[in-house]
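J.: Whatever this is, show me its structure:
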Amino acid sequence: MDQMDEFHIPKQVLKKLKNVDHLRQEMAAGKSLREIIGYSEETMEKFYGAAYRLFQAKEYGKASDAFLFLTTLDSQVHNYWLGLGMSEQLKKEYEGALVAYGMALMTEVTNPVPHYHSASCYLAVGDNENAKNSLLLAIEYAGNHEQFAKIKQQAETVLAQLSK
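T.: This is a model prediction of the structure:
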């Protein structure tokens with residue numbers, strides 16, 4: 001089997017996807033496109049790894065496309081939205097980044113990371129008020145969680161500078 005075979009949508013699944021009634025029925029049952037297509041968690045991890053490598057290689061346009069593909073397949077995965085937001089932000093597509101960060105928050109409401117990155121986007125477009133609000137939320141949700149200590153400290157520093 002070709003190494004890329006698992007990334008292709010099987011012919012029988014493509015046939016199902018063309019059946020609009022079947023697709024509606026599956027989606028009404030709460031299935032994600034990933035579940036309808038039948039991609040395994042392992043396959044999704046490979047897709048995510050490929051998107052992440054594009055991001056690490058600073059190919060933000062391609063990374064953005066890859067993360068968008070992932071969010072289309074499964075909209076409930078926080079890291080897919082975060083990756084999309086960060087890719088959009090580094091392309092200076094701040095509105096798209098803010099939408100992606102908002103979706104990331106829908107999947108993990110109390111995660112401070114999207115708030116922190118949203119603040120950077122708001123600052124880039126000159127919206128200091130929303131930047132401050134995002135920083136305050138990042139600080140609040142970081143709380144005393146060790147894994148968010150660095151983000152909390154950075155958010156506090158930026159907030160202090162904005163408050164001068």
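J.: Sort out which residues of stretch 85-97 are buried, please.
T.: By neighbour count, and taking 16 or more other C-beta atoms under 10 Å as the criterion, the buried residues in stretch 85-97 are 85-89, 93-94, 96-97. Any C-beta I mention is one placed from the backbone N, CA and C, and that applies to glycine too.
J.: Secondary structure, distance to residue 45 and pLDDT added to those, as a markdown table?
T.: Converted to a markdown table, these look like this (DSSP: H, G, I helix; E, B strand; the rest coil; distance: C-beta to C-beta, whole Å; pLDDT from 0 to 100):
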| residue | secondary structure | distance to residue 45 | pLDDT |
| --- | --- | --- | --- |
| 85 | helix | 20 | 99 |
| 86 | helix | 19 | 99 |
| 87 | helix | 18 | 99 |
| 88 | helix | 22 | 99 |
| 89 | helix | 24 | 99 |
| 93 | coil | 26 | 99 |
| 94 | helix | 29 | 99 |
| 96 | helix | 25 | 98 |
| 97 | helix | 24 | 99 |
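J.: which of those residues lies closest to residue 50?
T.: Minimum separation from residue 50 among the buried residues of stretch 85-97 (C-beta to C-beta) is found for residue 87, which lies at 13.0 Å.
J.: And the lowest mean pLDDT element among the helices and strands of the protein?
T.: Of the helices and strands making up the chain, the lowest-confidence element is helix 11-18, at a mean of 80, by mean pLDDT, DSSP states H and E.
J.: other SSEs contacting it?
T.: Under the contact criterion of 3 or more C-beta pairs under 8 Å, 6 or more residues apart in numbering; DSSP states H and E, the helices and strands touching helix 11-18 comprise helix 20-28, helix 33-37.
J.: how far is it from where the chain is centred?
T.: Distance of helix 11-18 from its chain centroid, counting by C-alpha atoms, centre = their mean, to the nearest Å, is 27 Å.
J.: Same check on stretch 90-102?
T.: Worked out by C-alpha atoms, centre = their mean, stretch 90-102 lies 10 Å from the chain centre.
J.: Name the residues that touch it?
T.: 58, 60-61, 64, 67, 71, 81-82, 84-86, 88-89, 114-115, 117-118, 121-122, 124-125 (C-beta atoms under 8 Å, 6 or more residues apart in numbering).
J.: again, only this time at 6 Å
T.: When contacts are defined by C-beta atoms under 6 Å, 6 or more residues apart in numbering, stretch 90-102 is touched by residues 60, 81, 84-85, 88-89, 114, 117-118, 121, 124-125.
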